[in-house]
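[1] need a 3D model of the following:
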Amino acid sequence: MTSRSRRPGTSQGRKPGVDRPAPAGRQKAVGFGFVVLLSFLAGMTDAIGFLRAGDFLSFMSGNTTRLAIAIGEGHGGDVARLAAILLVFVAGNATGVVLVRATGERQWPLLMAVTTVTSLVAGLAGAAPSPWSFLPLVFAMGMLNAAVDTVAGNPVGLTYVTGALSRFGKGLGRFLCGERRGGFLVQMLPWIGMLTGAVTGVFLLQAWQEAAIWAIGATALLLTLVSVLVPHGWMLPCFGLGRP
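    Down below sits the predicted model:
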């Protein structure tokens, strides 16, 4: 019995319409670059929100410390607001995970939701917004964290800068002890993104005043378009979506 010949450029077992996976190197480059951009958005949002309303919108470690201080000093209004921020952020995380899984572990519907929420806040915010009016931005930043679980097998948190620096430091220590694995370098990506995004947010606020908040929605829209253009077959194995 002779085997049936195959045409060049085709492979057995691959269904029509399924995205061809990217080469490993290109896949990692896409993943690393996207993580920086997502963290850039979070950093820009945090800086603009803090300077305009006095609260962190994605830095929940800072808000937890501020909540503890408010409790200790007996400032009931601050306790209520900061507790609400923490709860809304967690709700955004949960909603983001549900949305990603409900849409076949795709990122663009999640990022489109982030774009919609941030644009609505920009349209409704006045010249002197109440800190409570920025709660939807906190929800959006919570959702944003569901866009990435891992990059090329390395755990990554978009706004968890303390954890990222800690993992980098421990990885550096292991490297100095002779473990020649460079995966810990990935942990600097969200820190770089957060830092550059926050600096950009400050510059935009100085240049555009209250109109700077529109840059958050515009950046989210740009990331949505990027996620649409990148084939799903490239994104899924790189970002590890849908894992516990």
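[2] residue ranges for the strands of this protein, please.
    150-151, 154-155 (DSSP state E).
[3] any buried residues in stretch 166-183, and which?
    Within stretch 166-183, the residues that count as buried by 16 or more other CB atoms under 10 Å are 167, 168, 171. Backbone N, C-alpha and C define where each C-beta goes, glycine included.
[4] wait, I meant stretch 202-211
    202, 204, 205.
[5] show me what the longest helix anywhere in the chain packs onto, helices and strands only.
    Criterion DSSP state H: the longest helix present in the chain is helix 24-53. Applying 3 or more CB pairs under 8 Å, 6 or more residues apart in numbering; DSSP states H and E, one finds that helix 24-53 makes contact with helix 135-144, strand 150-151, helix 188-208, helix 214-229, helix 232-239.
[6] got TSV for these, with distance to residue 117 and mean pLDDT too?
    What follows is these, written out as TSV (distance: least, CB to CB, whole Å; pLDDT from 0 to 100):
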stretch	distance to residue 117	mean pLDDT
helix 135-144	4	96
strand 150-151	25	68
helix 188-208	17	94
helix 214-229	8	94
helix 232-239	21	62
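[7] quick one: which of those is nearest residue 90?
    Smallest distance to residue 90 across the helices and strands packed on helix 24-53 (CB to CB): 6.6 Å, for helix 135-144.
[8] residue contacts, the residue nearest to residue 103 when sequence neighbours are not counted?
    Once flanking residues are discounted, residue 103 sits nearest to residue 109: 4.4 Å by CB to CB, 6 or more residues apart in numbering. Going by CB atoms under 8 Å, 6 or more residues apart in numbering, residue 109 touches 99, 100, 103.
[9] how about residue 228?
    residue 108.
[10] okay, now the unreliable bits of the protein?
    Low-confidence segments of the chain, defined by pLDDT under 70, span residues 1-25, 127-128, 150-155, 157, 233-244.
[11] relative to residue 83, how far out is residue 116?
    Residue 116 sits 26 Å away from residue 83, taking CB to CB, to the nearest Å as the criterion.
[12] same question for residue 199.
    Residue 199 is 29 Å from residue 83, by CB to CB.
[13] so how far is residue 111 from residue 81?
    27 Å.
[14] which one of these two has more residues nearby?
    residue 111 (26 against 21; other CB atoms under 10 Å).
[15] OK, contacts around that one?
    Contacts of residue 111 (CB under 8 Å, 6+ apart): 144, 147, 220, 223, 224, 227.
[16] hmm, the last one is touching residue 103, no?
    No: using CB atoms under 8 Å, residue 227 is not in contact with residue 103, being 11.4 Å away.
[17] thinking again about what came up before, any idea how far the longest helix of the chain is from the chain center?
    The chain centre lies 6 Å from the centre of helix 24-53; the measure is CA atoms, centre = their mean, to the nearest Å.
[18] and if you look at stretch 179-190?
    Distance of stretch 179-190 from its chain centroid, counting by CA atoms, centre = their mean, is 18 Å.
[19] go on, stretch 159-172?
    On CA atoms, centre = their mean, the centre of stretch 159-172 falls 16 Å from that of its chain.
[20] equivalent analysis for stretch 60-76, please.
    With CA atoms, centre = their mean, you get 25 Å for stretch 60-76.
[21] cool, and stretch 209-222?
    16 Å.
[22] go on, stretch 76-85?
    Centre-to-centre, stretch 76-85 and its host chain are 24 Å apart (CA atoms, centre = their mean).
[23] from residue 197, how far out is the closest residue to residue 202 other than its chain neighbours?
    What sits nearest to residue 202 in space, not counting adjacent residues and going by CB to CB, 6+ apart, is residue 47, at 5.3 Å. For residue 47, the distance to residue 197 (CB to CB) stands at 7 Å.
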